[in-house]
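Novice: Sequence plus predicted model, see below.
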Amino acid sequence: MGSEGLKAVTVHVTGFKKFQGVPINPTEAIVSNLKDYVERKGLPAGVTLGSCTVLDVAGDGALPQLYQTMESVVSKTDSKSNENVVWLHLGVNSGAVRFAVERLAANEATFRCPDELGWQPQQVPIVLEDGGISRTRETSLSVDAILKFLKKGREYDVTISNDAGRFVCNYVYYHSLRFAEQKGNKSLFVHVPLFSRIDEETQMGFTASLLEAIASAC
């Protein structure tokens, strides 16, 4: 028996570019530098970092790139392979002082300001066929197990959130959760603070630990 039945885990990561009020988005730097970071630091056996993609901070405008990335990965993944595919999305909460693991996304787009393409929906269902704006989707990963892993023997200030907002982060997360459910993948969104709150090196270390935490939760 042993570990022969355990599935390998490949985590594909996305971040975002700048947007109104946030000229330097920490998630763009994290995602852009993550491959080099994990190559230097290493990851446990069975955990692989897949694609790293930086998205525009736009609702519908970000979807073509998001879906192209996800469909490309799924098309290359053998459904019978011994592998878990996980989508990890990182977004910034400019008012936060700690990391937040998002449990769910709401089927509502109510943007507090226009996105980078000028779109500002108000109380609009993200996916019409899913019903009204009260509908939510929840990650199939155990956020409690992930939180426990990140807190055990580490000094990361991290919490669980049940509200990813109604801006582009929530918009992308909802689409990703829906896609993951259809394809048999898993999806997770994590909000990070600005680098002025938690420095870049600490955030890089947190993200690498997050990859391990996700793998352990699979």
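Specialist: Right, received. Where do you want to start? Numbers count the residues shown, from 1 in each chain.
Novice: which strands and helices sit next to the helix or strand bottoming out on mean pLDDT in the chain?
Specialist: Least confident helix or strand, the chain: helix 59-76 with a mean of 91, by mean pLDDT, DSSP states H and E. Applying 3 or more C-beta pairs under 8 Å, 6 or more residues apart in numbering; DSSP states H and E, one finds that helix 59-76 contacts strand 8-16, strand 47-55, strand 83-92, helix 168-183. C-beta here means a position set from N, CA and C on the backbone, and glycine is covered the same way.
Novice: will you turn those into JSON lines that also has mean pLDDT and distance to Pro64?
Specialist: Putting the helices and strands packed on helix 59-76 into JSON lines (pLDDT from 0 to 100; distance: least, C-beta to C-beta, whole Å) gives the following:
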{"stretch": "strand 8-16", "mean pLDDT": "96", "distance to Pro64": "13"}
{"stretch": "strand 47-55", "mean pLDDT": "96", "distance to Pro64": "10"}
{"stretch": "strand 83-92", "mean pLDDT": "95", "distance to Pro64": "16"}
{"stretch": "helix 168-183", "mean pLDDT": "97", "distance to Pro64": "11"}
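Novice: got the ones you listed as JSON lines, with distance to Gly131 columns?
Specialist: Output for the helices and strands packed on helix 59-76, formatted as JSON lines (distance: least, C-beta to C-beta, whole Å):
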{"stretch": "strand 8-16", "distance to Gly131": "26"}
{"stretch": "strand 47-55", "distance to Gly131": "26"}
{"stretch": "strand 83-92", "distance to Gly131": "23"}
{"stretch": "helix 168-183", "distance to Gly131": "12"}
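Novice: now these as TSV including distance to Leu34 and mean neighbour count?
Specialist: Output for the helices and strands packed on helix 59-76, formatted as TSV (distance: least, C-beta to C-beta, whole Å; neighbours: other C-beta atoms under 10 Å):
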stretch	distance to Leu34	mean neighbour count
strand 8-16	6	23
strand 47-55	5	18
strand 83-92	9	24
helix 168-183	18	22
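Novice: Could you say which one of the ones you listed comes nearest to Asn107?
Specialist: Proximity to Asn107, assessed across the helices and strands packed on helix 59-76 by C-beta to C-beta, is greatest for helix 168-183 (6.0 Å).
Novice: and the angle for that closest one with helix 59-76?
Specialist: With axes from the mean of the first three to the mean of the last three C-alpha atoms, to 10 degrees defining the directions, helix 168-183 sits at 30 degrees from helix 59-76.
Novice: any idea how far helix 168-183 is from the chain center?
Specialist: Chain-centre distance of helix 168-183: 10 Å, with C-alpha atoms, centre = their mean, to the nearest Å.
Novice: can you check stretch 184-201 too?
Specialist: On the basis of C-alpha atoms, centre = their mean, stretch 184-201 sits 8 Å off its chain's mean C-alpha point.
Novice: Check stretch 104-123 too.
Specialist: So, by C-alpha atoms, centre = their mean, the centroid of stretch 104-123 is 18 Å from its chain's centroid.
Novice: tell me the mean pLDDT over it?
Specialist: Stretch 104-123 shows a mean pLDDT of 96 in the predicted model.
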